[in-house]
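> here's a sequence, model it:
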Amino acid sequence: MTAVHVQSVTKRFGETTVLHGIDAEIPQGAFAVLVGPSGCGKSTLLRLIAGLEQVTDGRILFGEQDVTALPPRDRDIAMVFQSYALYPHMTVRDNMAFGLQLRKTDPATIEARVCEVAKTLDIDHLLTRYPRQLSGGQRQRVAMGRAIVRRPALFMFDEPLSNLDPALRTQVRVDIRRLHDAHDATSVYVTHDQVEAMTLADILFVLEGGHVQQSGPPLEVYERPKNRFVAEFLGSPAMNMVPATIQGTSLQFDDGSSSLGLDSVTGFEGLIEGRSVDVGIRAQDAQRCADTEADLHIAVRFVETLGSHVHVHGTVGDAPFIAAFEGSRGPDPGDVVPVRVTRFHLFDSESGTSLRSS
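From the prediction side, this is the model:
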């Protein structure tokens, strides 16, 4: 195990700054997930931690050891890549054993570890096959096995599931988390998939534009986003943002026909008369109701039927809005649906910062 300390790390490629003074603390034994849209800098940060790229400014420590200038081979890490990176001329057994052979581990220990890990990953019957004879899911398990047999201080995963179909992705995701727990390891995992991020992480780092926008336990980040970007990025469907103005003890939506009471709401600051805000409402927090109980009205454009529930796509004024209703049937396009808001977030309309006070 090892703790990872990223201290004021900046990375530039020529004149382009990709990471801007990143600070991150990953505790020993934690499963840390770096998540964000394409181009946010998450893979670059992973490569810096691994030593595959050089830091421009700042430091990276493993425990008390400064590893900023150390090459990857001296960092005691193992990486699992999106592309599997298996040696095509080697069998599964030889692929898994190769790293230990380079370290001149005795053959008996190598064989014992390979067999143990192969059995854990349910690939023990594939040890004599070559990568070309394996499915995508099997190849990814071999890549994971190759990392695990080394028993490194730090496991690193660079979008390892992106080439798998949805069913396999779910299965291998469970395998990754189970193996992490079984080996009491420290892991750093990169993904753009928020489902992977939410289900795998002990600690979540949401990146955008080369900055860590927010970090913490995944449920805390999801429920208490610090800014509009985090709120809209985490969650599917994305959080709705409806422009409004604070008027007395209510939020007056910009469509002029709906309002949301603030008199019984606590936990916000800066509720100044006339302030422009964005009201963040998740799809499941807009519940269909009688017109007399409505906080807002959705003009329906189309409906997605998903079996146990429906996603209703429409608008509130000029703002796009998605609501999730239980049941297999929803309203029809063209309907105007009254909804009651059970929970909402407030963000400053200019800075995007959350107005939550606690």
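> low-confidence stretches in this protein?
Low-confidence segments of the chain, defined by pLDDT under 70, span residues 1-2, 255-257, 264, 358.
> what's stretch 201-213 in contact with?
Surrounding stretch 201-213, the residues in contact under the criterion C-beta atoms under 8 Å, 6 or more residues apart in numbering are 17-20, 22-24, 26-27, 30-37, 40-42, 45, 189, 197-198, 214-218, 221, 226-227, 229-230, 233-234. For glycine as for every other residue, the C-beta is placed from the backbone atoms N, C-alpha and C.
> okay, and which of those map to helices?
With helices defined by DSSP state H, the entries of these inside them are 42, 45, 197-198, 218, 221, 229-230, 233.
> can you map out the helices along the stretch 201-350 of the chain?
Along the stretch 201-350 of the chain, the segments classed as helices by DSSP state H, counting those that start in this stretch run 218-223, 228-233.
> can I get the last one in PDB, CA atoms only?
Coordinates of each C-alpha in helix 228-233 appear next as PDB, following Å, rounded to 0.1, in the frame of the first residue of the first chain:
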ATOM      1  CA  ARG A 228     -22.600  24.000 -11.700                       C
ATOM      2  CA  PHE A 229     -20.100  21.900 -13.700                       C
ATOM      3  CA  VAL A 230     -19.900  19.200 -11.100                       C
ATOM      4  CA  ALA A 231     -23.700  19.200 -10.700                       C
ATOM      5  CA  GLU A 232     -24.300  18.800 -14.400                       C
ATOM      6  CA  PHE A 233     -21.500  16.300 -15.000                       C
END
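> helices and strands around it, which ones?
Using 3 or more C-beta pairs under 8 Å, 6 or more residues apart in numbering; DSSP states H and E as the contact criterion, the elements in contact with helix 228-233 are strand 203-208, strand 211-216, strand 240-247, strand 276-281, strand 345-348.
> so which of these is nearest Gly58?
Distances from Gly58 to each of those were compared using C-beta to C-beta; the minimum, 13.0 Å, belongs to strand 211-216.
> just checking: what are the partner strands of the closest one?
Strand 211-216 sits in its sheet next to strand 203-208 (antiparallel), going by DSSP bridges.
> would you put the C-alpha positions of the helix or strand hosting Arg93 in CSV?
Remark: Arg93 resides in helix 92-102, with elements defined by DSSP states H and E. The C-alpha trace of helix 92-102 is given here as CSV (Å, rounded to 0.1, in the frame of the first residue of the first chain):
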residue,chain,number,x,y,z
VAL,A,92,-1.6,-16.0,-21.1
ARG,A,93,0.7,-17.7,-18.6
ASP,A,94,3.8,-16.0,-20.0
ASN,A,95,2.1,-12.6,-20.3
MET,A,96,1.2,-12.8,-16.6
ALA,A,97,4.6,-14.0,-15.5
PHE,A,98,6.7,-11.6,-17.6
GLY,A,99,6.9,-8.8,-15.0
LEU,A,100,8.0,-11.2,-12.3
GLN,A,101,10.6,-12.8,-14.6
LEU,A,102,12.2,-9.4,-15.3
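> what comes up buried for it?
Across helix 92-102, burial judged by 16 or more other C-beta atoms under 10 Å covers 92-100.
> helices or strands next to it in the packing?
With contacts defined as 3+ C-beta pairs under 8 Å, 6+ apart, the secondary structure elements packing on helix 92-102 are helix 107-120, helix 136-148.
> can you lay out the helices and strands packed on helix 228-233 as CSV showing mean neighbour count and distance to Ala324?
Putting these into CSV (neighbours: other C-beta atoms under 10 Å; distance: least, C-beta to C-beta, whole Å) gives the following:
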stretch, mean neighbour count, distance to Ala324
strand 203-208, 24, 23
strand 211-216, 19, 24
strand 240-247, 20, 11
strand 276-281, 22, 11
strand 345-348, 22, 17
